[in-house]
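In: The amino acid sequence is not available; the structure is as follows:
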């Protein structure tokens, strides 16, 4: 199936927001073998939406619209579609009941605008939106599909995953397609590509290997489309095994598993507990770890010691160490690890201190100088990063390197799984 | 002038990269009064590029293409344009001299692909690209402008700033345009719209108000185009003032300012220091606060007390309180505030404890039950949230509400600015 994505909203055209919805939608559609032939971002005006519909109906089998469905006046998509399809609005009782139920649970009252939202084009199938008030709409017009969804990413994603993609796959059964994603950390794209060159050259035409780099991680995606009944699952398993044999130490997970989830699983399997002591990453490492449901089984907490005083008082870093070596030093992160192991009473600890920027750099320690230490009562491993000038990027990159150090530390010093009850 | 932006590349359509070029271009064009009526992302195929050109030539005065100009095989834009305009390629000597000069300075030699790059459509004006090897091309066709630029952001930006925008402004002296963005937190889109209804109805036709909601925040964007010499800056100032008078307590900032930056500025202006104690938000609040450069002037640190033990040992929460009321209770967050004020020695503290989910809910305290407390040595304010079932969304929403509580607390109890030296 050939898809056009349409994102609606002046805020995209004037560059006030970056359209991340269509990239996410493109990824998801690609996974089920749908081809996105174009993405159109248009104004939230009648003219803009109709232009996009006309282009889409000419070019594609499926048009996915996002944006312009909400309780305020600037939401024009629904009205435009209703007029364009020459139909009328009818009140959709189930949506109204659901919205009332949501507001009741929140202990708040609805406004007239919420009731207004429940009028729907008569020819639409209503797609249940568990993530918000505006439902999605599914239209079938002369063999083509038009779907309208809210632009709020969380709501759009809910509808795509639970309603739109399953219905599209039913509607357009395609050639069998298979994907396998291997997740790596610790090396850049070109170095991995050099190590995998022989494997890559051995791939048959119907199998593709894509490198998807993202700030310290590289995902390797093998994709195959069975053009003539090939055993695509078999060949992907074989090629994935070859990749695993070539770069075993870089692989932390598969599919959609995140690095923080992989580290959590490792700690759980080894029966270990973890605490973190963060300075320049300012809580991001803790936030990543605690995004994983059930993390309280292995994660005890963090001391985000931003101020000098917090480093000495909460983590027991010696005043002399700070004076002699500075807050950003191997000596300081080692003492921070010792301090957090004791404060949080855990098996493993990690400490990070660095200069995220833009200020605070010196000739000796320019912005992007970061020290990390991972330790237990018996071992400590340290590492120095020398990275870039962008504050947020430094913070994010360091948190990923920290997670990878925990992974390597546990693999090295706690190689044996414990038997869980 | 009416502009269509076209970004070329399969990597955009499959979501492998997010198209940030067009947002940047939209901003720059908007600043000079150009109206972007659509952004099209298309495949790097002849068909994709021709489709986009045809749509653009129908809809717009100016078509700006980015992508598909470079020394590798998949660069098809130039060839497609040459064929589409029914012209031929001619060798462009000045570009070849420039490329040879660049490589000489780098101490490297050119490849045959670099010479190939110097063949240009005969009807193009060549735009000098100081930032890379591929020049831009400017075409004038039946009163319309088509410009082709490389997709590398750095090179595209150089060409836009130094060549394309100045030439466009010369070509289409335009109507003045103005925007004003007001940032709010604490109410949903429909309630704000209800309060602003009279103001919204009073807007003249050439002024628009858009609501841009995003997880606990709503941005209000006023836009005006001077169709007939109207005083658009004046009317935007007047309408913005009316909005400010209607919802003063919801407004935290303007333009691109984030909530965490606004809270930081407030603390700085009041000469206050802040510490955080997080349980269910797991460090996200600390991470948000420490994204702001210079935050160490007011932010001392956080205790992320995920485990019971961390709450008692690091924050001095009483064992009896945890047993009697539970970790997710008003009593516990109050003691956490007291604890973190003392541990970090700050003027203001915030504590958060809740059930982010998906596990851990009980009939009394279902998933999404969150307690927050903000306090100083003299005052404490608490709040209970009852939100949804999605773990990450609960964490993110709570962090925003926490920032807003700090803002409200400081505004209420520390109304007077201090004089900074």
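Out: All right, it came through fine. What you see is a predicted model; the values in this text were computed from it and never measured.

In: confidence score at the most centrally placed residue in chain A?
Out: What sits nearest the mean C-alpha location of chain A, by CA atoms, centre = their mean, is residue A:258, with 8.5 Å. Looking at residue A:258, its pLDDT is 94.

In: which residues sit in contact with it?
Out: A:288, A:291, A:292 (CB atoms under 8 Å, 6 or more residues apart in numbering or on different chains). (Glycine included, C-beta is placed from N, CA and C.)

In: most neighbours, which of the residues you listed?
Out: residue A:288 (27 neighbours; other CB atoms under 10 Å in any protein chain shown).

In: the helices in the stretch 101-250 of chain A, which residues?
Out: A:112-116, A:153-159, A:165-171, A:189-195, A:197-201, A:232-246 (DSSP state H, counting those that start in this stretch).

In: ok, residue A:137 - contacts?
Out: Counting by CB under 8 Å, 6+ apart, residue A:137 makes contact with A:78, A:81, A:120, A:121, A:124, A:125, A:126, A:127, A:147, A:148.

In: per-residue pLDDT, residue A:336?
Out: At residue A:336, pLDDT is 98.

In: how about the strand or helix carrying it, does it reach chain B?
Out: Secondary structure assignment for residue A:336, by DSSP states H and E: helix A:330-344. Yes. Contact of helix A:330-344 with chain B (CB under 8 Å from any CB of the partner chain) involves A:343, A:344.

In: Show me what secondary structure element comes after that helix.
Out: Per DSSP H and E, the first helix or strand lying C-terminal to helix A:330-344 is strand A:348-354.

In: Follow the chain on from that next one and name the next helix or strand.
Out: Taking DSSP H and E, what comes next after strand A:348-354 is strand A:369-375.

In: contact partners of the next helix or strand along the chain from that next one?
Out: Per DSSP H and E, strand A:369-375 leads on to strand A:380-386 as the next helix or strand towards the C-terminus. Contact with strand A:380-386 is made by A:330, A:333-334, A:337, A:354, A:366, A:368-375, A:397-398, A:401, A:405, A:408-409, as judged by CB under 8 Å, 6+ apart.

In: Tell me the buried residues within those.
Out: Among the contacts of strand A:380-386, the ones that count as buried by 16 or more other CB atoms under 10 Å in any protein chain shown are A:330, A:333-334, A:337, A:354, A:368-375, A:397-398, A:401, A:405, A:408-409.

In: Do you have the strands of the stretch 51-200 of chain A handy? List them.
Out: According to DSSP state E, counting those that start in this stretch, the stretch 51-200 of chain A carries its strands in the segments A:62-66, A:89-91, A:119-121, A:125-127, A:136-141, A:144-149, A:177-185.

In: Next one: the residue lying closest to residue A:128 once chain neighbours are set aside relative to chain B, how far apart?
Out: Spatially, and ignoring its direct neighbours in sequence, residue A:128 is nearest to residue A:135 (6.3 Å; CB to CB, 6 or more residues apart in numbering or on different chains). Here the criterion is CB to the nearest CB, to the nearest Å. By it, residue A:135 lies 16 Å from chain B.

In: Would you list the phi and psi of residue A:135?
Out: Reported as degrees, to the nearest 10, the phi and psi values for residue A:135 are phi -70, psi 160.

In: I'd assumed residue A:129 was in contact with it.
Out: Yes. Contact status for residue A:135 versus residue A:129: in contact at 4.8 Å, counting by CB atoms under 8 Å.

In: More neighbours: the two, which one.
Out: Set residue A:135 next to residue A:129 and count neighbours by other CB under 10 Å: residue A:135 wins out with 28 against 22.

In: pLDDT wise, what is the more buried one at?
Out: 88.

In: Can you tell me which residues in the stretch 151-300 of chain A are near chain B?
Out: Counting by CB under 8 Å from any CB, the residues of the stretch 151-300 of chain A near chain B are A:152, A:154, A:210, A:212, A:276, A:278, A:280-287, A:289-291, A:293-296, A:299-300.

In: and the residues you listed, which are buried?
Out: A:152, A:154, A:212, A:276, A:278, A:280-287, A:289-291, A:295-296, A:299-300.

In: Inside strands: which ones of these?
Out: Among these, the residues falling in strands (DSSP state E) are A:212, A:276, A:278, A:299, A:300.

In: what bridges to the fourth one?
Out: According to DSSP bridges, residue A:274 are recorded as the beta-bridge partners of residue A:299.

In: Please report the distance of it from residue A:290.
Out: Per CB to CB, to the nearest Å, residue A:299 is found 7 Å from residue A:290.

In: joint contacts of those two?
Out: With CB under 8 Å, 6+ apart, residue A:299 and residue A:290 have common neighbours residue B:306.

In: Find residues that contact each of residue A:135 and residue A:129.
Out: What both residue A:135 and residue A:129 touch, as defined by CB under 8 Å, 6+ apart, is an empty set.

In: Could you chop chain A up by domain?
Out: What automatic domain parsing lists as the domains of chain A is A:2-171, A:177-254, A:259-413.

In: Quick one: end-to-end distance for the first one.
Out: Pointing back at domain A:2-171 there. Chord length of domain A:2-171, first to last residue, is 12 Å (CA to CA, to the nearest Å).

In: before we move on, what about the second one?
Out: Taking CA to CA, the span from the opening residue of domain A:177-254 to its closing residue is 18 Å.

In: Distance from that domain to the middle of the chain?
Out: On the basis of CA atoms, centre = their mean, to the nearest Å, domain A:177-254 sits 20 Å off its chain's mean C-alpha point.

In: thinking again about what came up before, from residue A:209, how far off is the residue nearest to residue A:128?
Out: Taken as CB to CB, the span from residue A:135 to residue A:209 is 40 Å.

In: the residue most distant from the middle of chain A, which is it?
Out: residue A:320 (41.9 Å).

In: just to revisit the earlier point, could you dump the helices of the stretch 101-250 of chain A to a markdown table with mean pLDDT?
Out: Compiled in a markdown table, the helices of the stretch 101-250 of chain A are given as follows (pLDDT from 0 to 100):
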| stretch | mean pLDDT |
| --- | --- |
| helix A:112-116 | 84 |
| helix A:153-159 | 91 |
| helix A:165-171 | 93 |
| helix A:189-195 | 86 |
| helix A:197-201 | 93 |
| helix A:232-246 | 96 |
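
In: any chance of those in a markdown table, plus distance to residue B:16?
Out: Output for the helices of the stretch 101-250 of chain A, formatted as a markdown table (distance: least, CB to CB, whole Å):
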| stretch | distance to residue B:16 |
| --- | --- |
| helix A:112-116 | 38 |
| helix A:153-159 | 18 |
| helix A:165-171 | 19 |
| helix A:189-195 | 12 |
| helix A:197-201 | 17 |
| helix A:232-246 | 19 |
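
In: Deepest-packed of the ones you listed, please.
Out: Highest mean neighbour count of these: helix A:153-159, a mean of 21 (counted as mean count of other CB atoms under 10 Å in any protein chain shown).

In: And the contacts of it?
Out: A:20-21, A:24-25, A:66, A:127, A:129-132, A:134, A:136, A:149-150, B:215, B:390, B:393.

In: picking up where we left off before, so which of the strands of the stretch 51-200 of chain A gets nearest residue B:347?
Out: strand A:177-185 (40.3 Å; CB to CB).

In: So what angle separates the directions of the closest one and helix A:232-246?
Out: 10 degrees (axes from the mean of the first three to the mean of the last three CA atoms, to 10 degrees).

In: By residue count, tell me the biggest helix in chain A.
Out: helix A:391-413 (DSSP state H).

In: That helix - contacts with which helices or strands?
Out: If you count contacts as 3 or more CB pairs under 8 Å, 6 or more residues apart in numbering or on different chains; DSSP states H and E, helix A:391-413 packs onto strand A:177-185, helix A:259-270, helix A:284-290, strand A:348-354, strand A:369-375, strand A:380-386.

In: 6 Å - rerun?
Out: Applying 3 or more CB pairs under 6 Å, 6 or more residues apart in numbering or on different chains; DSSP states H and E, we find helix A:391-413 packed against helix A:259-270, helix A:284-290, strand A:348-354, strand A:369-375.

In: model confidence over the second one, on average?
Out: Along helix A:284-290, the predicted confidence averages to a pLDDT of 97.

In: can you list contacts of it?
Out: A:260, A:276, A:278, A:295, A:299, A:302, A:395, A:399, A:402, B:282-284, B:287, B:304 (CB atoms under 6 Å, 6 or more residues apart in numbering or on different chains).
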